[in-house]
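Peer 1: When you get a sec, could you give me coordinates for this:
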Amino acid sequence: MAFLISDPGYSAGLFALYAGLIVFWLIFGIAGYVVGAWFMMKVFEKAGVQGKWRAWVPIYNSMIFFKLGDLSPWLILILMGAGIVLGWVPVLGWLIWLAAFLLSMMAAWRVGLKLQKEAVWLILYFFLALVWMGINAFDKSRWNTAIPPAPWASNSFLSDRTTWEGIPSQVPAGGYPANPAQPGYQPPQGYAPPQQGYAPPQGYAPQSDMQPPAPPAGTTPPPPAPPAPPAAPPAAAPPAAAPEPPVAPEPPSSEPPTEPRV
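Peer 2: Now for the predicted structure:
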């Protein structure tokens, strides 16, 4: 084994293998970054971000993504500084990485809401963030800021308080809706919910009789039909004969009865 390690050919082959792996992962990382920046550029266009170049600048594009997700963009620089200073400590390094990933999921949740995506889409972001970004980049969803404010909106450390030129504010013009019917939905202006029952429009009066439509111009209406003769009154029935008065019974005779002859 020591002979193989000391062999110049073996060392050259091992070095070539390591160099090939480094080149492979470098090309793979660059390709992944190009595809991710392209997807992010499409999401930025939906959000109204001016300048496509913003999606191609490292670190800066993540700061814009945080702004669109209602998080302070300076959190990216804070995490980078903490990673440089404390990244050599094993436990703290993992905690910094975990904090960065959780913050990115919070920003993705808010960006997904503005693109009509439910919170369940975070499962896809957790495993395949690039696929999640590609779906939001090329589907037919539209950017909508009329959603409830973020739970951390009152936190001055987490919430976004910055104003950058070329990046639209994520606060709706009329403020956040107080009690929206659905997350990510705002009824159009002038819309009133239906009321119980039916009320006719103003100025409408029902007519008791309906008039026939007027004949078209240039036509002669037909003459009116002659009136129907009045019907003859029914013949009177003859009066019924008066009933005969009852016969009075004969009064009893006052003469004594005659005796029979022997």
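Peer 1: Tell me the first helix or strand C-terminal of the one helix or strand in the chain whose mean pLDDT sits lowest.
Peer 2: One helix or strand of the chain scores below all others by mean pLDDT, DSSP states H and E: helix 2-6, with a mean of 50. Per DSSP states H and E, the first helix or strand lying C-terminal to helix 2-6 is helix 8-47.
Peer 1: what angle do the next helix or strand after that next one and helix 8-47 make?
Peer 2: Downstream of helix 8-47, the first helix or strand assigned by DSSP H and E is helix 60-68. On the basis of axes from the mean of the first three to the mean of the last three Cα atoms, to 10 degrees, helix 60-68 is oriented at 40 degrees to helix 8-47.
Peer 1: list the helices and strands helix 60-68 packs on?
Peer 2: helix 8-47, helix 74-86, helix 90-114 (3 or more Cβ pairs under 8 Å, 6 or more residues apart in numbering; DSSP states H and E). Just so you know, the C-beta spots here come from the backbone N, C-alpha and C atoms, and that holds for glycine as well.
Peer 1: Name the residues of stretch 33-45 that are buried.
Peer 2: Counting neighbours by 16 or more other Cβ atoms under 10 Å, one finds that the buried residues in stretch 33-45 are Gly36, Ala37, Phe39, Met40, Met41, Lys42, Val43, Phe44.
Peer 1: Equivalent analysis for stretch 50-60, please.
Peer 2: Arg54, Ala55.
Peer 1: quick revisit: relative to Asn136, which of the helices and strands packed on helix 60-68 is closest?
Peer 2: Ranking the helices and strands packed on helix 60-68 by proximity to Asn136 (Cβ to Cβ) places helix 8-47 first, at 5.6 Å.
Peer 1: Deepest-packed of the helices and strands packed on helix 60-68, please.
Peer 2: Mean neighbours per residue, mean count of other Cβ atoms under 10 Å, is largest over those for helix 90-114, with a mean of 17.
Peer 1: just the angle between that one and helix 8-47, please?
Peer 2: Calculated by the same axes, to 10 degrees, helix 90-114 forms an angle of 30 degrees with helix 8-47.
Peer 1: Export the next helix or strand after helix 90-114 to CSV, keeping only CA atoms.
Peer 2: Once the chain leaves helix 90-114, the next helix or strand it forms, by DSSP H and E, is helix 122-127. C-alpha atoms of helix 122-127 as CSV (Å, rounded to 0.1, in the frame of the first residue of the first chain):
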residue,chain,number,x,y,z
LEU,A,122,-43.7,24.9,1.2
ILE,A,123,-43.3,21.1,1.3
LEU,A,124,-42.1,21.3,-2.3
TYR,A,125,-39.9,24.2,-1.5
PHE,A,126,-38.4,22.3,1.4
PHE,A,127,-37.3,19.4,-0.8
